[in-house]
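> could you look at this predicted model? Sequence included:
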There are 2 protein chains.
Amino acid sequence: MFESAEIGHAIDKDTYDAEEPVLREALLEAQYELRQQGRFAVLILINGIEGAGKGETVKLLSEWMDPRLIQVNTFDQQTDEELARPPAWRYWRQLPPKGRIGIFFGNWYSQMIQGRVHKRFKNAVLDQAINGALGLEQMLCDEGTVILKFWFHLSRERMQARLDSLKDDPLHSWRISPLDWQQSRTYDRFVRYGERVLRRSSREHAPWHVIEGADERYRSLTVGRILLQGLQSALQQAPPHPHGSAPPASLDNRGLLDSLDMQQSLSKELYQEQLAAEQARLSLLMRDKRMRRHALVAAFEGNDAAGKGGAIRRVTGALDPRQYRIVPVAAPTEEERAQPYLWRFWRHVPGRGQFTIFDRSWYGRVLVERVEGFCSPADWLRAYGEINDFEEQLVDAGVVLVKFWLAIDADTQLERFQEREQIPFKRFKITEDDWRNREKWPQYRDAVEDMVNRTSTEIAPWTLIEANDKRFARVKVLRTINDALQAAFDRD
Amino acid sequence: MFESAEIGHAIDKDTYDAEEPVLREALLEAQYELRQQGRFAVLILINGIEGAGKGETVKLLSEWMDPRLIQVNTFDQQTDEELARPPAWRYWRQLPPKGRIGIFFGNWYSQMIQGRVHKRFKNAVLDQAINGALGLEQMLCDEGTVILKFWFHLSRERMQARLDSLKDDPLHSWRISPLDWQQSRTYDRFVRYGERVLRRSSREHAPWHVIEGADERYRSLTVGRILLQGLQSALQQAPPHPHGSAPPASLDNRGLLDSLDMQQSLSKELYQEQLAAEQARLSLLMRDKRMRRHALVAAFEGNDAAGKGGAIRRVTGALDPRQYRIVPVAAPTEEERAQPYLWRFWRHVPGRGQFTIFDRSWYGRVLVERVEGFCSPADWLRAYGEINDFEEQLVDAGVVLVKFWLAIDADTQLERFQEREQIPFKRFKITEDDWRNREKWPQYRDAVEDMVNRTSTEIAPWTLIEANDKRFARVKVLRTINDALQAAFDRD
């Protein structure tokens, strides 16, 4: 894989001097066009051998192009806010918005290779990490991001020579390379595991470009050309109109929702007794020392007027307001629209010990956006996988995740709508949209069925709540949260 | 100040039961109206004696109102990202957006009182902190935020009794009050310094409300009524149309800009020599160990086509792209518009060791927004003071702040505009707006004069750059940054 990057590629000065200004102007033009279009972001990943010109190349790109539209990020030591969340959180918070170029210098690949080189884990874990990276990149590409991955290579001899020369150069001596690079064993291991990573993470939509780093002119022009080509081809492409087809509706027109026993209810007395008991239980669980190792995320979805707000209030009623945060999910803001779909949820992922309630959630993609046609079928079809992946990352980081669908039948909804229109302080809760959504009841039902079938997983199961009776629904919500917390604590 | 909160206020159960539902409904209605209008945010500060019902009240408010539109923040231990920035950064990042209610439970007041009670500093420092808080609150109010400050009080005897009873209550025993509250000396000191803080920080636009905390019904209804009144009166008020008058123009029509020697220039050779020297100097200074105690902020303003971009590129050319971040300032995003003006700059304040370049800056308020009428005269007139205060906070936290006005004369601008229209890859740099702005040359000149007169301070002076000659300008910019860094290091 690295053979052709050890043959001593070089470009003579005249060729370079002739090509450089042309390339530079074209890059600048492409960069402004990128901003004008504002259709997609560009993410450049920089990896490779120490001393192979990674830093110099990033610097050069910033000089050639308009540095105001480029954002270079390094990922060294994690801050404590990052350590308290899933590992990918630090990357999500630094993603470039549409119209911009982000350079991740040090990224998921550097971390996995370092870990393997220093024997902190074996190949199985490395391969898991590679798959995780591929999932993230696939998702970014699907959202329109152009990803360019560069691996800067040097043969061992050239690396040694270069490190020696840097050491003697007073202008560069401050950049003393990490000690371990002085050992040729490190080089061997780095190349071996780098090769594994490259082999397994090259994809058509995000291939690796291996660059021989020995000759500065060759290296610079090559990277510049690849970047220009990537930019231009993405700028000239019409926005993709991906196709996809909806899952078939159930043949016998029966589904999970039909199988719910909607008659379930609780008497006022039983309700008060059970509510108090479950609230006390939640209050105790949240104060349990084991909570410090976990975070709690509760996502509430449901038919309009199914009682999400009331259920949420019964959950928070058990708690000190400092213990939770509610994120109401409505139309995305401008900054959120300039990012991949899940960005607006990643930014609210709680740190350890914290509890976040999403009042509507990332499932909007496969519910309202699907039914109302706010996104293409391809978008919502691939969202199932993206969401499963997102949730797995949460759970892997110790998050206890509960997801509720509050279901009512059409008659109950009608009653509640009419009631809302009559009570003055409830009139804010009913809008034209609600009536319109109601007309699409069958489409929503199909969307819910598909959602549950495709995203109710062992690590993050859906809980369907029979919500015709509000009392029954509220107690079931609380009990589900408590059981999930208890189970997580028991597993610790 | 606390006398009337020690007399044993109480409300009987019947009165409470009659009033509570009415109050609750009115609060809910006001809250939805707040969201509908989306005109201002509400910030509630909660302070006072341990055991006086602070937590219970916050919990009750979350129950009475829609908790999805309330955001409760506590400010305990600072995270390392917060510790690396000015103290106010942690408050800015949690400010509620317009349409929402934020409750700061533990805030600037708790921190200053704790510090004084535990003798970490004397009254002089306490008074400084009070003035800082007043400045922040004034600014928030000017931006439309409604601030309600509650002090929960208890006489010493009642506090002691309440702490004792909590200790015995199994439901509350986990909330063991901090040890020091068991000592009556702490109570005395807390009340003494609390009194000082309240006395000095009550303002017409943000008064303190002292609440006797002994009786739950009294406490709850009182807070609820004050909040309702505050909300309703703000909702009914027409948006303020504050008045203010522009500073008089200079009588002899001469100003700072006229006194610049615009003929200054550098030959190509001198330029290359000096540029290389200053770039090397910057590179060394940024790697100096003392940089770890500082951050660097450079704000670039100037006439259109004065060469800001080119100057910035010469600064960044000296550096590794990982060492700086460029924030291009354009129209605010939706999330930024829902916050006080300076929020969009606070969010980019660098941590220690970092360097942020603002390509246009917070001075937009007194330049383009003033001249184009994007804000009222009152808004930009008070911006001078707000900006000085902002910059003082940066400098107090160790930030080295340099501010550049790149000045060219009208003829030079015309030449450059025409050139831009002819060179293909520069055509992105010239728009209709630029030609329109040019017609307002005299108004911009006045705005710049006023800006420099009012915001060039000892801690954050303006540097006017004679930029007809780009070479001269670039070297002067770099030298100014270097001198400022050097001076800061020398002072350490």
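All right, it came through fine.
> please count neighbours and contacts with C-alpha atoms only from this point.
Will do.
> report the contact partners of A:I147.
When contacts are counted by C-alpha atoms under 8 Å, 6 or more residues apart in numbering or on different chains, A:I147 touches A:42-45, A:137, A:141, A:205-206.
> isn't A:V42 up against A:V146?
Yes. A:V42 sits in contact with A:V146 when judged by C-alpha atoms under 8 Å, with a separation of 4.7 Å.
> tell me, how many neighbours does A:A18 end up with?
Other residues near A:A18 number 10, with proximity taken as other C-alpha atoms under 10 Å in any protein chain shown.
> and it, that's in a strand?
No. Counting by DSSP: H, G, I helix; E, B strand; the rest coil, A:A18 is located in no strand; its state is helix.
> for the nearest residue to A:G38 once chain neighbours are set aside, what are its contacts?
Leaving aside its sequence neighbours, A:G38 sits nearest to A:G99 (C-alpha to C-alpha, 6 or more residues apart in numbering or on different chains; 4.2 Å). For A:G99, the contacting residues are A:34-42, by C-alpha under 8 Å, 6+ apart.
> surely A:Q71 and A:F105 touch.
No. Here A:Q71 does not reach A:F105: they are 10.4 Å apart, not a contact under C-alpha under 8 Å.
> could you pull out the residues contacting both of those two?
Shared contacts of A:Q71 and A:F105 (C-alpha under 8 Å, 6+ apart): none.
> break chain A into its domains for me.
A:3-236, A:257-491 (automatic domain parsing).
> want to throw the ones you listed into TSV with distance to B:I423?
Formatted as TSV, the domains of chain A follow (distance: least, C-alpha to C-alpha, whole Å):
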stretch	distance to B:I423
domain A:3-236	11
domain A:257-491	30
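> helix or strand next in line after the lowest-mean-pLDDT helix or strand in chain A, which one?
Using mean pLDDT, DSSP states H and E, the weakest-scoring helix or strand in chain A turns out to be helix A:156-168, at a mean of 79. Going down the chain from helix A:156-168, the next helix or strand is helix A:184-201, by DSSP states H and E.
> buried set for that next one?
A:187, A:189-191, A:193-194, A:196-198, A:201 (16 or more other C-alpha atoms under 10 Å in any protein chain shown).
> okay, now the sheet partners of the helix or strand following it, with direction.
Next helix or strand after helix A:184-201 toward the C-terminus (DSSP H and E): strand A:208-212. Using DSSP bridges, strand A:208-212 pairs in its sheet with strand A:146-153 (parallel).
> re the thing from before, A:V42 and A:V146 - which one has more neighbours?
The residue with more neighbours, out of A:V42 and A:V146, is A:V42; 28 against 20, by other C-alpha under 10 Å.
> confidence-wise, which of the contacts of A:I147 comes last?
The member of the contacts of A:I147 with the lowest model confidence is A:H205, at 81 (criterion: pLDDT).
> sorry, back to before: of the contacts of A:G99, which is the most crowded?
For those, neighbours were counted by other C-alpha under 10 Å; the highest total belongs to A:V42, with 28 neighbours.
> the closest residue to A:D215 other than its chain neighbours and A:R156: what is the separation?
Using C-alpha to C-alpha, 6+ apart and skipping the chain neighbours, the partner closest in space to A:D215 is A:A10 (5.4 Å). For A:A10, the distance to A:R156 under the criterion C-alpha to C-alpha, to the nearest Å works out to 18 Å.
> repeat that for A:E143.
Here the distance between A:E143 and A:R156 works out to 39 Å (C-alpha to C-alpha).
> circling back to that earlier point, can you redo the contacts of A:I147 as a markdown table with distance to A:L275 and secondary structure?
Below are these laid out as a markdown table (distance: C-alpha to C-alpha, whole Å; DSSP: H, G, I helix; E, B strand; the rest coil):
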| residue | distance to A:L275 | secondary structure |
| --- | --- | --- |
| A:V42 | 51 | strand |
| A:L43 | 50 | strand |
| A:I44 | 52 | strand |
| A:L45 | 52 | strand |
| A:E137 | 45 | helix |
| A:C141 | 46 | helix |
| A:H205 | 52 | coil |
| A:A206 | 52 | strand |
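> got a winner among those for most neighbours?
Those, ranked by neighbours (other C-alpha under 10 Å): first place A:V42, 28 neighbours.
> specify the beta-bridge partners of that one.
For A:V42, the beta-bridge partners are A:I101, A:V146 (DSSP bridges).
> contact partners for it?
A:V42 sits in contact with A:96, A:98-102, A:145-148, where contact means C-alpha under 8 Å, 6+ apart.
> name the nearest of the contacts of A:G99 relative to chain B.
When the contacts of A:G99 are ranked by distance to chain B (C-alpha to the nearest C-alpha), A:Q36 comes first, at 9.1 Å.
> that's a helix at that closest one, yeah?
Yes. Membership of A:Q36 in a helix is supported by three-state DSSP.
> give me the phi and psi for the closest residue to it other than its chain neighbours.
When the adjacent residues along the chain are set aside, A:Q36 lies closest to A:G99, with 7.1 Å between them (C-alpha to C-alpha, 6+ apart). In this entry, A:G99 is assigned phi and psi values of phi 90, psi -10 (degrees, to the nearest 10).
> who are the contact partners of A:V58?
A:V58 touches A:103, B:321, counting by C-alpha under 8 Å, 6+ apart.
> that one sits in which helix or strand?
A:V58 belongs to helix A:54-64 when elements are defined using DSSP H and E.
> that helix: what's the following helix or strand?
Under the assignment DSSP H and E, the closest C-terminal helix or strand after helix A:54-64 is strand A:70-74.
> just checking, what packs against that next one?
Judged by 3 or more C-alpha pairs under 8 Å, 6 or more residues apart in numbering or on different chains; DSSP states H and E, strand A:70-74 is in contact with strand A:101-105, strand B:324-328.
> nearest to B:S361, out of these?
Among the helices and strands packed on strand A:70-74, the nearest to B:S361 by C-alpha to C-alpha is strand B:324-328 (8.2 Å).
> from B:E301, how far off is the most centrally placed residue in chain A?
Chain A has A:L342 as the residue nearest its centroid, 5.5 Å off, counting by C-alpha atoms, centre = their mean. Between A:L342 and B:E301 the computed distance is 36 Å (C-alpha to C-alpha).
> pLDDT below threshold where in chain A?
A:167-183, A:239-253, A:424-428 (pLDDT under 70).
> near chain B, which residues of it?
Within chain A, the positions lying close to chain B (C-alpha under 8 Å from any C-alpha of the partner chain) are A:25-26, A:28-29, A:32, A:55, A:58-59, A:62-63, A:67-69, A:71-74, A:79-81, A:313, A:317, A:319-322, A:325-328, A:333-335, A:359, A:425, A:428.
> and the buried ones among these, selectable in ChimeraX?
Buried subset of those, written as a ChimeraX selection, criterion 16+ other C-alpha under 10 Å:
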select /A:25,26,28,29,32,55,58,59,62,63,67,68,69,71,72,73,81,313,317,319,320,321,322,325,326,327,359,425
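> circling back to that earlier point, okay, the contacts of A:I147 in TSV with distance to A:P442 next?
Below are the contacts of A:I147 laid out as TSV (distance: C-alpha to C-alpha, whole Å):
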residue	distance to A:P442
A:V42	40
A:L43	41
A:I44	44
A:L45	45
A:E137	35
A:C141	32
A:H205	37
A:A206	39
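> from those residues, pick the one nearest A:E269.
Among the contacts of A:I147, A:E137 lies closest to A:E269 (C-alpha to C-alpha), at 53.1 Å.
> state the distance from that closest one to A:E143.
Distance of A:E137 to A:E143, computed by C-alpha to C-alpha: 10 Å.
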